[in-house]
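# my questions concern the predicted model and sequence given below.
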Amino acid sequence: MTTINVGLLGLGTVGSGVAKIMLEDANLLTQKLGYDIRLAKVCVRNLNSTRNFSPPAELLTQDANDIIGQPNIPLVIELMGGLEPARTLVLKALDAGQHVVTANKALLAIHGREIFQKAAETGRAVKFEAAVAGAIPVIRVLKEALTANRIQSVFGILNGTTNHILTRMTQDKMTFQAALGEAQEHGYAEADPTNDVEGFDAAHKLLILTALAYGVQPQLADIHVEGVTQLEPADIAAAAEFGYVIKLLATSALDPKSGLLEIRLHPTMLPANSLMAGVNGVMNAVAIRGHACGDIFLSGAGAGMMPTASAVMGDVIEASRDLQPAASPKVPALGWQNLQSWSVKPQDETQMAYFLRFTVIDKPGVLSAISGVLGRHDISLAQVIQKGHDKERGGVTLIILTHEAKEKNLLTSLREADELDCLTAPTRLIRVENRL
Ligand SMILES: NC(=O)c1ccc[n+]([C@@H]2O[C@H](COP(=O)([O-])OP(=O)(O)OC[C@H]3O[C@@H](n4cnc5c(N)ncnc54)[C@H](OP(=O)(O)O)[C@@H]3O)[C@@H](O)[C@H]2O)c1
């Protein structure tokens, strides 16, 4: 029987899950595949670290060269994380003729073009199902099942940590800080949560989905990224009154009028009865609209040892099939080397409805002053609610839901409104997505 040797770089959360499946479920895999996939070597930084799962000590090494370029190891799994040495090792593996499976979204979002160019040159595969939305097979769906579609939009909840925090803020009326503290206690958030709560992790995944959906790969700096740190329970409560739920939503949508791409990540109000609004806790979800397939909604575990290992193993199995003698060669990965030219719609030109929460002094004429400023900039009001005194912010709360308006006009009007002497605190703005 054929045996495919696999080398694993990294034995942390995900690497441990992968090693556990490969060693504990080896017989099952052989039964299903008709050949063996064998964990040949595992590279770690520290041989003595405490681990979720420990393979036999003789499999461990601290020298990546025991895996990279080894002729008896045709397949390398990169689960170290970070940009270096992961980038160098992946490029070296491809140069040496090894296929690569990775879960490293930061690596692909930042160095994807270079890595996929190398894969094309060497005729090797780079597979990355686990890099976006954990166990959900969204990469395979976009790359294969929906190939015949012109993708019109991809929306996603792509970060379980922030979704958990927002769920607690929504369902249990917690503050952001309290919900974050609790998530850290339960291991849903890291000690330094910046990457998650400021939106960078989800933005990396958004860039990967955008490349798959449209063949274009903007840089992080080209897109609007806004995390959840500024959200207050009052925003969430007010959104609920209008029939909305706030989620950290990734958007990659083709504007049919301008032909430009809207790529952005920010807290977004979604209709409470939409499928996306019902995705709670650490779960992730992706909604795809294609011209032929219509609407597709995928949801599942977005991270964690075994869910992510499941996605990694799917890639390992797919790559191992290509290594069978009878397999016909496949086009490597995704053809990112042929990325088209692209244009991202400037955030200023975005046209959405907006939720605005003003804190104002309690006297006649305030509403007409604010609506006058908005009206002068072409912002029309859909709904207005005036609330009682806001002790924390020292004033009366005035909530306005606008009709669709151009973001540039909206921001200009808010700057002008800030000059009014009736405002007692900065105005809160949350964008509203009605397409879900
Ligand atoms: N955690 C998740 O749920 C999840 C979900 C989706 C995708 N991912 C992605 O999967 C990747 C791995 O994440 P993780 O959470 O498993 O990371 P992790 O727990 O921090 O594990 C990283 C592993 O890589 C090893 N390592 C790091 N630098 C090394 C170096 N220079 N030389 C040798 N070994 C090195 C570490 O060795 P030691 O153990 O000896 O320190 C550790 O075993 C990341 O790209 C992450 O973004 C993670």
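Yes, it's here. Residues are numbered from 1 along each chain as shown.

# what sits opposite residue 381 in the beta ladder?
residue 402 (DSSP bridges).

# could you report the distance from it to residue 298?
36 Å (CB to CB, to the nearest Å). Just so you know, the C-beta spots here come from the backbone N, C-alpha and C atoms, and that holds for glycine as well.

# next: residue 324.
From residue 324 to residue 298 the distance is 29 Å (CB to CB).

# pLDDT score assigned to the residue in the chain that the ligand sits nearest to?
Taking CB to the nearest ligand atom, the ligand has its nearest neighbour within the chain at residue 12, 1.8 Å off. Per-residue confidence at residue 12 stands at 95 (pLDDT).

# contacting residues around the residue nearest to it when sequence neighbours are not counted?
By the measure of CB to CB, 6 or more residues apart in numbering, the closest residue to residue 12 outside its immediate chain neighbours is residue 79, 6.9 Å from it. Residues near residue 79 by CB atoms under 8 Å, 6 or more residues apart in numbering: 8, 9, 10, 11, 12, 14, 15, 18, 102, 103, 104, 312.

# how many other residues sit next to the third one?
Just to be clear, that refers to residue 10. 24 (other CB atoms under 10 Å).

# quick one on the thing from earlier: hmm, the residue of the chain closest to the ligand is touching residue 82, no?
No: if you go by CB atoms under 8 Å, residue 12 and residue 82 don't touch, sitting 11.0 Å apart.

# any figure for the gap between residue 66 and residue 311?
25 Å.

# residue 302 contacts residue 130, doesn't it?
No: using CB under 8 Å, residue 302 is not in contact with residue 130, being 10.3 Å away.

# higher neighbour count, those two?
residue 130 (31 against 28).

# residue boundaries of the strands in the stretch 251-400 of the chain?
Listed in chain order, the strands of the stretch 251-400 of the chain (DSSP state E, counting those that start in this stretch) span 261-271, 283-290, 294-301, 351-360, 381-390, 395-402.

# give the contact list for residue 244.
269, 270, 271, 272, 277, 355, 432.

# out of those, which is most surrounded?
Neighbour-wise, the contacts of residue 244 (other CB under 10 Å) top out at residue 269, 28 neighbours.

# and the angle for the helix or strand hosting residue 203 with strand 261-271?
Under the criterion of DSSP states H and E, residue 203 resides in helix 200-214. Relative orientation of helix 200-214 versus strand 261-271 (axes from the mean of the first three to the mean of the last three CA atoms, to 10 degrees): 120 degrees.

# which bits of the stretch 51-200 of the chain sit near the ligand?
By CB under 6 Å from any ligand atom, the residues of the stretch 51-200 of the chain that approach the ligand are 79, 80, 81, 85, 103, 104, 105, 130, 134.

# pull the most distant pair out of these.
Greatest spatial distance in those: 85 and 134, 24.2 Å, computed using CB to CB.

# which one's more surrounded, those two?
Legend: neighbour count by other CB under 10 Å for residue 85 and residue 134, higher for residue 134 (27 against 14).

# ok, that one touching residue 305?
No: using CB under 8 Å, residue 134 makes no contact with residue 305, being 10.3 Å away.

# returning to what we had before: more neighbours: residue 66 and residue 311, which one.
Legend: neighbour count by other CB under 10 Å for residue 66 and residue 311, higher for residue 311 (29 against 16).

# what residues sit buried inside the helix or strand bottoming out on mean pLDDT in the chain?
Within the chain, no helix or strand scores below strand 381-390, which has a mean of 85 by mean pLDDT, DSSP states H and E. By 16 or more other CB atoms under 10 Å, the buried positions in strand 381-390 come out as residue 390.

# what do you get for stretch 32-47?
Those would be 33, 37, 39, 40, 41, 42, 43, 44, for stretch 32-47 by 16+ other CB under 10 Å.

# residue ranges with poor pLDDT in the stretch 251-400 of the chain?
325-342, 392-393 (pLDDT under 70).

# stretch 48-59: how far from the chain's middle?
A distance of 30 Å separates the centroid of the chain from that of stretch 48-59, by CA atoms, centre = their mean, to the nearest Å.

# can you tell me the average pLDDT over that stretch?
Here the average pLDDT along stretch 48-59 is 94.

# again with stretch 110-117
92.

# CA atoms of that stretch as CSV?
Coordinates of each C-alpha in stretch 110-117 appear next as CSV, following Å, rounded to 0.1, in the frame of the first residue of the first chain:
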residue,chain,number,x,y,z
ILE,A,110,0.2,39.7,3.2
HIS,A,111,2.4,37.4,1.2
GLY,A,112,-0.2,35.5,-0.8
ARG,A,113,0.8,36.8,-4.2
GLU,A,114,4.5,35.8,-3.7
ILE,A,115,3.5,32.4,-2.3
PHE,A,116,1.0,31.5,-5.1
GLN,A,117,3.4,32.7,-7.7
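
# what residues of it count as buried?
Within stretch 110-117, the residues that qualify as buried are 110, 111, 112, 115, 116, 117, counting by 16+ other CB under 10 Å.

# and stretch 163-177, by the same measure?
Neighbour counts over stretch 163-177 (16+ other CB under 10 Å) mark 163, 164, 165, 166, 167, 168, 169, 170, 174, 176 as buried.

# and the helix or strand harbouring the second one, how far from the chain's centre?
Right, the one you point to is residue 164. Here residue 164, judged by DSSP H and E, is contained in helix 160-171. When C-alpha coordinates are averaged (CA atoms, centre = their mean), helix 160-171 and its chain have centres 15 Å apart.

# now do it: which elements does it pack against?
Applying 3 or more CB pairs under 8 Å, 6 or more residues apart in numbering; DSSP states H and E, one finds that helix 160-171 contacts helix 176-185, helix 194-197, helix 233-241, strand 244-254, strand 283-290.

# you'd agree residue 40 is in a helix?
No: using DSSP: H, G, I helix; E, B strand; the rest coil, the assignment for residue 40 is strand, not a helix.

# check contacts around it.
5, 6, 7, 59, 67, 70, 72, 73.

# next, the contact list for the second one, please.
It stands for residue 6. Residues counted as contacts of residue 6 (CB under 8 Å, 6+ apart) are 22, 37, 38, 39, 40, 73, 75, 76, 77, 316, 320.

# correct me, but the second one touches residue 316?
When you say that, I think you mean residue 37. Yes: assessed by CB under 8 Å, residue 37 is found in contact with residue 316 at 6.6 Å.
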